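In: What follows is a predicted protein model with its sequence.
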Amino acid sequence: MRITLSVIKADVGSIGGHIKPSEGLLRRVREFVQEEGKAKGLIEDFYVSHTGDDIAILMSHKRGTGDADIHKLAWDAFKAGTEVAKAQGLYGAGQDLLKDAFAGNVKGMGPAVAEMEFDERPNEPFLFFAADKTDPGAYNLPLYLAFADPMHCSGLTLSPSMADGFKFTIMDVEYTEGDRIIELNAPEELYDIAALLRDNERFVVESIHSRRTGEIAVAVSTSRLHNIAGRYTGKDDPVMLVRVQGDFPATGEVLSPFSIGHYVAGFMRGSHTGPLMPVKINSPVSYFDGPPLVSCLAFCVHEGKLTEPADAFDHPFWDYVRMRVSEKAMEMRRQGFSGAAMLPYSELEYGGIVQKMKKLDERFRVRGS
Ligand code: F6R
Ligand code: MG
Ligand code: MG
């Protein structure tokens, strides 16, 4: 059976600052997708969750990627949620709905989207990742390590079905006139892939395909709110879908690189550097509006029906990782605004600093002239 998985996420308001959506808001989004989507036969199944202040709607359906009705369903669900957020006085109500009217596709309108269409395998396990207080480049390193490095993906050496490696499609997210992409093959072009993926703010993995079968393995949301709105509207908080097992890395191989807690862009005011903490689903944001967090739900989909999720980071092992990541976060925060603790000038998400720098610039003088 040909099936499409679509995950569309947005921040439409949260309790007590940018912490987490209210139960009422989540309930409204769930009800809306149930009534307008599942009950009417538009979608096969769905699952609504939150990671930090973002709500993600995961949907299975038969309509292909970029379908206007599916996107409209999510957009309208977030609109309905925004009404609850406003009525409850939640902070940042409707924050990520950047345009007034829906125009056929939520891409470029604020919400993040990751979608993939494929022929369902007899058993079809996949992972749904959602990250908050960071941007899409946060997945670059974990994807490189899971799909191209035998230090994390033992299947690259042990499984004949992965021996041909994977094709990485990488997007230049600074280019805003259209989708500027490059396709590079692992393992032959590993050094080129690494040379691009080191720059998380500019080059972002958009998708990965098996080179043996051509099947899609990964889809990442690549939108940059920074570029859409031209002003600060929150970091981009990316979602990602990853098919696992068989011709793809095993679930544990995809999870493995997340044990590093690598430093990513985001954290407080979207302007800092912090380690990415793997958290349980429905975790709130806390310390210094962070730390940047990532959740992972594992599902199987069968004839379009989703199983209940298994929470991949809900295990004693990840408690240990969370402790280590907390230490990394505190270590970085000890140096406050200095050097590597903050993002470069071009990535700062608050425009106020531009005015400040202008004023200070006028006060500079060259001694003796
Ligand atoms: C980062 C984020 C928060 C806010 C911060 C200030 O993505 O959402 O760190 O930037 O809480 O929020 P505002 O500007 O809404 O007062
Ligand atoms: Mg927010
Ligand atoms: Mg968010």
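Out: Arrived safely. Residues are numbered from 1 along each chain as shown. Ligands and ions are numbered 1, 2, ... in the order given.
In: Which pLDDT does the model give the closest residue to D236 other than its chain neighbours?
Out: Excluding its sequence neighbours, the residue lying closest to D236 (CB to CB, 6 or more residues apart in numbering) is D135, at 4.4 Å. Every C-beta, even on glycine, is put in place using the N, C-alpha and C of the backbone. D135 is assigned 94 on the pLDDT scale.
In: doesn't D199 make contact with D135?
Out: No: with contact defined as CB atoms under 8 Å, D135 does not count as touching D199 (11.9 Å).
In: more crowded one of these two?
Out: Neighbours were counted for D135 and for D199 using other CB atoms under 10 Å; D135 has more, 29 against 13.
In: List the contacts of the more buried one.
Out: N200, E201, R224, K235, D236, D237, P238, V264, A265, G266, G270 (CB atoms under 8 Å, 6 or more residues apart in numbering).
In: Neighbours of the nearest residue to E188 once chain neighbours are set aside, how many?
Out: Nearest residue to E188 in three dimensions, chain neighbours excluded: G165, at 7.8 Å (CB to CB, 6+ apart). By the measure other CB under 10 Å, the count of residues near G165 is 18.
In: Among the contacts of D135, show me the least confident.
Out: Within the set of these, pLDDT is lowest for K235 (62).
In: and this structure, which of its residues are near ligand 3?
Out: D11, D53, D54, D132, D237 (CB under 5 Å from the ion).
In: On the three-state scheme, I43 is what?
Out: Assigned by DSSP: H, G, I helix; E, B strand; the rest coil, the conformation of I43 is coil.
In: these two touch, right, it and M59?
Out: Yes: I43 lies in contact with M59 (CB under 8 Å); the separation is 4.7 Å.
In: Can you check which residues contact both of these two?
Out: Shared contacts of I43 and M59 (CB under 8 Å, 6+ apart): V33, G37, I70, L73.
In: L73 is in contact with the second one, correct?
Out: Yes: because the distance of 4.8 Å satisfies CB under 8 Å, G37 is recorded as touching L73.
In: in the stretch 1-150 of the chain, which spans are helices?
Out: 23-33, 68-88, 140-148 (DSSP state H, counting those that start in this stretch).
In: Now render these as a markdown table, adding mean pLDDT and mean neighbour count.
Out: Below are the helices of the stretch 1-150 of the chain laid out as a markdown table (pLDDT from 0 to 100; neighbours: other CB atoms under 10 Å):
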| stretch | mean pLDDT | mean neighbour count |
| --- | --- | --- |
| helix 23-33 | 98 | 19 |
| helix 68-88 | 98 | 21 |
| helix 140-148 | 98 | 25 |
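In: I'd like those helices written out as a markdown table, with distance to ligand 2 added.
Out: Converted to a markdown table, the helices of the stretch 1-150 of the chain look like this (distance: least, CB to the ion, whole Å):
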| stretch | distance to ligand 2 |
| --- | --- |
| helix 23-33 | 12 |
| helix 68-88 | 11 |
| helix 140-148 | 23 |
